[in-house]
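A.B. asks: have a look at this fold, sequence not included:
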């Protein structure tokens, strides 16, 4: 999944302000993906959400000190979310492989049993007992059931975990901390601008008193 572009970054600007823009973007990405990922069948969205949690974790590991306790909490929960979704993803990766291998073994067995039938007009059902790979794919089918069940269990954990974080306001509190940093940056710029204007006004007054023409600006 391609990361959402972060706007308004200023390489020459303060770290806290730039970090705030990144955090706001990454949290927004996380929240948008979660709306889709909470549907159990949305495997791709769940995988994308895991990547989004990783991106948020990385930026908080580097800049979390700019946002205080909300960042500390969100960092831990992003790790937890990544872990749960990672367990789900492991099942999503392994289950098709197991099923494909079972299908391959069963195909080979069908060919072997067909050979056992020889020139017979029909197939004796008892010949299937002689399938050479039957013990192997029986165990793999049990593994497939285990993976499917564990995937459902991990999804239930994810849904409960996400609901709890929403209840605690984990992501909203982080967003507010980032917005507070942006507001402080805006106030600093306004104060600096006001100071420059006041300085120019003072220069103009001084020049008027001394009868000197103010320098053009």
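C.D. replies: Ah, there it is. Here the structure is a predicted model, which is why all the values come from computation and not from measurement. Numbers count the residues shown, from 1 in each chain.
A.B. asks: what segments of the chain are helices?
C.D. replies: Taking DSSP state H as the test, the helices found in the chain are 15-37, 43-63, 69-117, 134-168, 170-210.
A.B. asks: and of those, who's closest to residue 1?
C.D. replies: helix 43-63 (4.1 Å; CB to CB). Just so you know, the C-beta spots here come from the backbone N, C-alpha and C atoms, and that holds for glycine as well.
A.B. asks: now the angle from that closest one to helix 69-117?
C.D. replies: 140 degrees (axes from the mean of the first three to the mean of the last three CA atoms, to 10 degrees).
A.B. asks: when you give positions from now on, start the count at 47
C.D. replies: All set: I'll call the first residue 47, so the last point we hit is now helix 89-109.
A.B. asks: how much distance is there from helix 89-109 to the middle of the chain?
C.D. replies: 3 Å (CA atoms, centre = their mean, to the nearest Å).
A.B. asks: tell me how many other residues crowd residue 84.
C.D. replies: Burial measure for residue 84: 16 neighbouring residues, criterion other CB atoms under 10 Å.
A.B. asks: excluding chain neighbours, what is closest to it?
C.D. replies: Leaving aside its chain neighbours, residue 84 sits nearest to residue 205 (6.1 Å; criterion: CB to CB, 6 or more residues apart in numbering).
A.B. asks: count the neighbours of the one you found for me.
C.D. replies: Neighbours of residue 205 (other CB under 10 Å): 15.
A.B. asks: what does the one 10 residues further on give?
C.D. replies: For residue 215, the count of nearby residues is 13 (other CB under 10 Å).
A.B. asks: the one 10 residues further on now?
C.D. replies: A count of neighbours around residue 225, defined by other CB under 10 Å, yields 13.
A.B. asks: appreciated, that's everything.
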